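J.: Provide a 3D model corresponding to the input given below.
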Amino acid sequence: MERPHPRPNLASRPSAGILGNERMSALSDGIFAIVLTLLVLEVKVPEAVKSAEELNLALSEIWPKVLGYVISFVVIGLYWIIQHNIFQYIKRHDRPLLWLNLVFLMCVASMPFPSGLIVRYPDAQAPVIIMAAGFITTGLALDLVWWYASTHQRLVDQRVTPTLIKLVHQRLLGDLIFHLAAIGLSFVSVPLAKLMFVLSVGLYILPSRLSAYHHQQTGTSGNAHSAGDEPAE
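T.: Modelled structure (predicted):
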């Protein structure tokens, strides 16, 4: 007599249209890796140098381009850290979240263009405005990802509280102030505008209310964590 097959446990299955994030995370990491690699291609090695003096002169002309590359690399790297940490709380995705994340990745993938402009034309105002606008758009896109996921409890784990949701929004949107300031200062001084990009990076190095909240919840010491170790920097 043939034994009946056991019935599947439907309660253990995810809801219809709700999937894990493995493939989405792999795509995100791949795009970030390509973008960060493309940035360095804009910094060219000096050619047709015939003496040490000419080399020193050529290198002195390159350093503003190197600074533009470093700023772009660090800021985009910070977006990768932020997205990675946010998805420690986002455990599943549905179709709308998948598209929102693609919009964020599209913004990230477009960053080599303003970075190339600011590297090739380090003293011009337009590249600073375009880069700041790109950072603003990318930050808003990532905040939209967090907003959608945090308002759909089935996509996040139980650690997500109203306080955490608020602190992540503040952390993501607070950085935009520096980029808006960069646009305004570009009409006065391009170097001062670029300084706003540097300060925006410093925002993520200093301790934040978000990191303090995480350490309080987990009972860990703030000294044991770096900026990249926080759950949603």
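J.: next structured bit after the longest helix seen in the chain?
T.: Using DSSP state H, we find that the single longest helix of the chain is helix 52-86. Scanning forward in sequence from helix 52-86 by DSSP states H and E, the next helix or strand is helix 95-109.
J.: this protein: helices as residue ranges?
T.: 22-40, 52-86, 95-109, 112-120, 125-150, 162-185, 190-205, 209-218.
J.: chain center to stretch 76-93: distance?
T.: How far stretch 76-93 lies from its chain's middle: 8 Å, per Cα atoms, centre = their mean, to the nearest Å.
J.: any buried residues in that stretch, and which?
T.: Neighbour-count burial for stretch 76-93, counted by 16 or more other Cβ atoms under 10 Å, picks out 76-87, 89-93. Just so you know, the C-beta spots here come from the backbone N, C-alpha and C atoms, and that holds for glycine as well.
J.: could I have stretch 111-125 exported to CSV, CA atoms only?
T.: Extracted C-alpha coordinates of stretch 111-125, given in CSV (Å, rounded to 0.1, in the frame of the first residue of the first chain):
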residue,chain,number,x,y,z
MET,A,111,28.4,58.5,-10.4
PRO,A,112,31.5,58.0,-12.5
PHE,A,113,30.2,60.7,-14.9
PRO,A,114,30.2,63.6,-12.3
SER,A,115,33.4,62.2,-10.8
GLY,A,116,35.0,62.2,-14.2
LEU,A,117,34.0,65.8,-14.7
ILE,A,118,35.3,67.0,-11.4
VAL,A,119,38.6,65.1,-12.0
ARG,A,120,39.1,66.6,-15.5
TYR,A,121,37.8,70.1,-14.6
PRO,A,122,38.8,70.5,-10.9
ASP,A,123,38.4,74.3,-10.9
ALA,A,124,35.0,74.5,-12.6
GLN,A,125,31.7,75.1,-10.8
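J.: what mean pLDDT does that stretch get?
T.: Predicted confidence along stretch 111-125 averages 85 (mean pLDDT).
J.: could you dump stretch 82-101 to CSV, C-alpha only?
T.: Output of stretch 82-101 as CSV, limited to C-alpha atoms (Å, rounded to 0.1, in the frame of the first residue of the first chain):
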residue,chain,number,x,y,z
ILE,A,82,25.0,52.2,4.4
GLN,A,83,23.1,49.9,2.1
HIS,A,84,24.9,46.8,3.4
ASN,A,85,24.0,47.8,7.0
ILE,A,86,20.4,48.7,6.2
PHE,A,87,19.9,45.3,4.6
GLN,A,88,20.9,43.7,7.9
TYR,A,89,17.4,44.8,9.0
ILE,A,90,15.7,44.2,5.7
LYS,A,91,15.4,40.4,5.5
ARG,A,92,13.0,40.0,2.5
HIS,A,93,11.9,42.0,-0.5
ASP,A,94,8.9,42.3,-2.8
ARG,A,95,8.6,43.7,-6.3
PRO,A,96,8.3,47.4,-5.3
LEU,A,97,11.4,47.2,-3.1
LEU,A,98,13.3,45.4,-5.8
TRP,A,99,12.5,48.3,-8.2
LEU,A,100,13.4,51.0,-5.6
ASN,A,101,16.7,49.3,-5.0
